[in-house]
Structures are given as C-alpha cells and as structure tokens.
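Undergrad: Show me how the following folds:
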Amino acid sequence: MTSRNSVHSTLPFPSPADAMLMDVARRVQLSPTKHDEAQRHHQALCKYVDRPGSPLEGLVVACYPGGSFATGTAVASSVSKDQHDVDVVMELDVTPETEPGFILGQLFDAINGEPESRYHGRVELNSRCVTVTYTDGVRVDLMPIARLADEPEKAGNLFHSRPATRESYHKPVNPWGFAEHFNASTALDPVFAAIFEARAMVDRSAIAKAQTDPVPDHVPLSEKAARVVALQLLKRSRDVRFRRRDGRKPPSIVLAALALEVQPTGAGLLDEIVSIAVHVATRLERESARGVVIDVRNPAYSPDQFTDRWPENRAAQTLYVNDLRYLVRQLGRLRNENASLTESRAILDDLFGETAAGYAVEQLLERSRMAMDDGSMRFGPGGRVLTGAAATAAAATASATAARPSTNMGGTELPS
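TA: Down below sits the predicted model:
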C-alpha cells in the first residue's frame, strides 16, 4: 500500500524562491478564526440594517460579499495583527434613480443608530459605502445598490455622493457577476495544490430576514489556484508600496480582471506573479503611449467600468508601471541560487513587508534544520544551503559521481 508521504515524495519540489513565496502567501492569508469573524460581522450588520425601527426596515433585499472576499483573493490589511477588510454588497428595494446622498445617508443612520447603540460612533459615511470599524481595527464596507430591471442577474446601480465636490451620480455595477466569472475562470491546478498540501505536512509552524449569502467558506492554500495565490502576492506588494503614498492605489478588482487576460504559466509561483505583473505593466504602458489611461470593464457586465476612479491620470498609471517593473526585477534577484539568506530576507521584506518576510525566513530555517536532522541537506557554492529542486539536483549529481568507477590515476573514468 502506497503511503501518503511516498505520494508526496514524487511531487516536484518548489525552488527556494517559490518555497519562500509560498510561505509569504501563507502568512498573508485570512486565518480561519478571522474568516469566521468576518462572517459574523457581515451577517450581523445586514440584520441590523433591516431591524424593526431602522430607516431601511423592510427594504433590504439581499446581502452578499463583494470584492476580494468573493473571489478568495483577500490579503491582510495588517499582517502582524491579522486584520482584513470586508466588502459587503447590500441590495435595497428602492428605485435605482433615487438620490444617492439620500440612500447613503439612510444607510449611515440605520447603522449608526442612537447614542450607546451597538455601532454608534464607529460608522463613517463615504462616497459609495458606509464603513464600520471594529475595536480590533477590522473594517466592513457596506455598499448599497438597487437592482436594475431587464439586466443580468444582480446588476444594479450604486450610489455615489460627495457633497464637498457636489458629485452625485449612479453607476451600473455587477460585483456578484464578476465574482462568479472570476471563480469559474481560475481553475485549480492539482499539481500546485498537491505541492502546497505536501509542504503543509512538513512545515511545523504552518498557519494554517433578508437573504444573507454567507462569506465563502475558508479555503486553505492547498485548494487555491496558482493564479489566485499569485494575485494575492501582487496585491500584497502593491499595498506595501502604497503604505506612505497619497492618492488611490490600483483597485484589486482591476488587477483581478487584468490577471484573467493572462494564460496560466503552469510553472512555479514566481513565474505566475511575473507573468501577471509583466502583462499589467505592458497594458498600462500601451495606453500611456496612446496618451490615455486604461479602461478596464467587468467581463461579466460591460457597463461596469472598474477604472472609473483609478488611474486618475497617466502619472498614476506610470507610477504603478514602475512598481511592477521593480517587482519583476526583485523577483529575478530572489530566483538567483547564489543569493544569501540575508539578501533573500531583504528582498522579501522590501516587497511584502517585515512580518511576512520574517515568517518565510523562519520556515526556510526550519526546513534546513529538518534536512540536517535527516541527513538530506545539500550545500551550493560558497556554502549556501540548497533546498527544493536545487537540493534534488545536487543529490543526484553526488549520487552519479559516487557511482562512477575509479581509475588507477585516482580520478573518475570518463564515458566513451
């Protein structure tokens, strides 16, 4: 009978760079505890808005997750604190042309309530949503929409209102349609999934009234497509670059839509990230060369423009192109087998933040200790510890060298 461990031993082992990127991805995931907490927040808020006495009582048709939660690409807004922002779409039984400021104001009043009520003082009115911030820093954005007749399922108008600039308009959207399209387009790669599952086995420190649709079940990394994990790391890198910048960052939904235009590489995680990054940068550069900003639409509902607020101009477009080109160069450095552990840590730190980088290095050291314990450790030029494919190749070379017959000159016999 073949053991599970022997099956995993036949799998291609990731390169050192891919192994570290897998651990970075593991660290920025939503933990099962935080996932369940997001579920509770989402359901409680939807019921609260529809409660007796609420300004919107009886008008809540449906609530469902939007954005990264709906596509399984959420990453930590604060890795060290395991904080994640949650987007919720709230369908209301109101006329789609209702004055936007009125609808947003009603939703704000419904949640903020009276002094000393459940959410009072923790609610913020924004131009398209109402945000609730919990005591642990987790934020939930509730975006009201009104269903449009004779349109695809769940397509509706969102309400935009910014009194300070006198902006007020409706925008056709279909976040549910995009999530369905994205999830159907990102098929699971069994080999990639098996590699992740096998790594989880050896990593000793792995982290492992209205109609209210639940937040999708927590999905472990071993059940995610390589495209999804690569997109998560691309978003994490974006967040790190924009930590101390003013202005809008490239929306996650824009990156997700552009990622769908790229054929999966079928290679490692690093190659998948590079493939997406190069494609996005090329698309942005092409539009800049034409003197315009990129126009990305919802592939499930073309009236829904994802780039209506970013990029604001070509300068914003060029800024992100430079970020993507930098990401590709740094990943090339990470791929270098001669890079020291200190260099690799500095690259990961720069690209994905201190906490995620530290976790990846800790895992690498743990695997090295395990290899030392079972005698499978191999060394490269300069004494660098080899892991993954490099270690396998080194072991094969050593085995082949040992098997060659000796000559009476003290060397090895060359093949004829």
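Undergrad: can we go C-alpha only for contacts and neighbour counts from here?
TA: Will do.
Undergrad: pLDDT value on L364, please?
TA: L364 is assigned a pLDDT of 84 by the prediction.
Undergrad: same thing with the one 5 residues further on?
TA: Turning to R369, the model gives it a pLDDT of 81.
Undergrad: Over to the one 4 residues further on?
TA: The model reports D373 with a pLDDT of 67.
Undergrad: do the same with R199
TA: If you check R199, the pLDDT there is 54.
Undergrad: likewise L414?
TA: 29.
Undergrad: Can you point out the buried residues in the helix or strand that contains T355?
TA: Using DSSP states H and E, T355 maps to helix 354-374. Judged by neighbour count (16 or more other Cα atoms under 10 Å), helix 354-374 contains these buried residues: 354-361, 363-364, 366-368, 370.
Undergrad: Show me what it is packed up against.
TA: Using 3 or more Cα pairs under 8 Å, 6 or more residues apart in numbering; DSSP states H and E, the elements in contact with helix 354-374 are helix 16-27, helix 341-352.
Undergrad: Most tightly packed of the ones you listed?
TA: Burial among the helices and strands packed on helix 354-374, expressed as mean neighbours by mean count of other Cα atoms under 10 Å, is greatest for helix 16-27, which shows a mean of 23.
Undergrad: From the contact counts, what lies against whichever helix or strand comes after it?
TA: Downstream of helix 16-27, the first helix or strand assigned by DSSP H and E is helix 32-49. Using 3+ Cα pairs under 8 Å, 6+ apart, the elements in contact with helix 32-49 are strand 60-66, strand 86-92, helix 100-112.
Undergrad: now these as TSV including mean pLDDT?
TA: As requested, these are exported to TSV (pLDDT from 0 to 100):
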stretch	mean pLDDT
strand 60-66	94
strand 86-92	96
helix 100-112	98
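Undergrad: contacting residues for L92?
TA: Neighbour list for L92: 59-62, 144-147 [criterion: Cα atoms under 8 Å, 6 or more residues apart in numbering].
Undergrad: any chance of the residues you listed in a markdown table, with distance to Y48 too?
TA: Listed next are the contacts of L92 as a markdown table, based on distance: Cα to Cα, whole Å:
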| residue | distance to Y48 |
| --- | --- |
| L59 | 12 |
| V60 | 10 |
| V61 | 13 |
| A62 | 13 |
| P144 | 14 |
| I145 | 17 |
| A146 | 19 |
| R147 | 21 |
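Undergrad: What subset of the residues you listed is buried?
TA: 60-62, 144-147.
Undergrad: which residues does F159 bridge with?
TA: When bridges are called by DSSP bridges, F159 pairs up with H170.
Undergrad: From E37, how far off is it?
TA: Per Cα to Cα, to the nearest Å, F159 is found 28 Å from E37.
Undergrad: more neighbours, the two?
TA: Shown here are F159 and E37; by other Cα atoms under 10 Å, F159 has more neighbours (26 against 12).
Undergrad: contacting residues for the more buried one?
TA: 99-101, 103-104, 127-128, 144-145, 168-171.
Undergrad: Out of those residues, which comes closest to L269?
TA: Of all those, R128 has the smallest distance to L269: 35.1 Å, by Cα to Cα.
Undergrad: For the closest residue in space to that closest one that isn't next to it in sequence, give me its contacts.
TA: For R128, ignoring the flanking residues on the chain, the nearest one in space by Cα to Cα, 6 or more residues apart in numbering is H160 at 4.9 Å. H160 sits next to 100-101, 127-128, 167-171 when contact means Cα under 8 Å, 6+ apart.
Undergrad: Over to T71?
TA: Residues in contact with T71 (Cα under 8 Å, 6+ apart) are 179, 182-183.
Undergrad: ok, now with 6 Å
TA: Each residue near T71 by Cα atoms under 6 Å, 6 or more residues apart in numbering is listed here: A179.
Undergrad: Quick one: low-confidence residue ranges for the stretch 151-300 of the chain.
TA: The stretch 151-300 of the chain contains residues with pLDDT under 70 at 188-222, 267.
Undergrad: ok, back up a step: could you dump the contacts of F159 to a markdown table with distance to S15?
TA: A markdown table is the format used below for the contacts of F159 (distance: Cα to Cα, whole Å):
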| residue | distance to S15 |
| --- | --- |
| E99 | 55 |
| P100 | 52 |
| G101 | 53 |
| I103 | 52 |
| L104 | 50 |
| S127 | 45 |
| R128 | 44 |
| P144 | 45 |
| I145 | 46 |
| S168 | 52 |
| Y169 | 50 |
| H170 | 49 |
| K171 | 45 |
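Undergrad: Whichever of those residues end up buried, select them in ChimeraX.
TA: Applying 16+ other Cα under 10 Å to the contacts of F159, the buried members can be selected in ChimeraX as follows:
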select :100,101,103,104,127,128,144,145,169,170
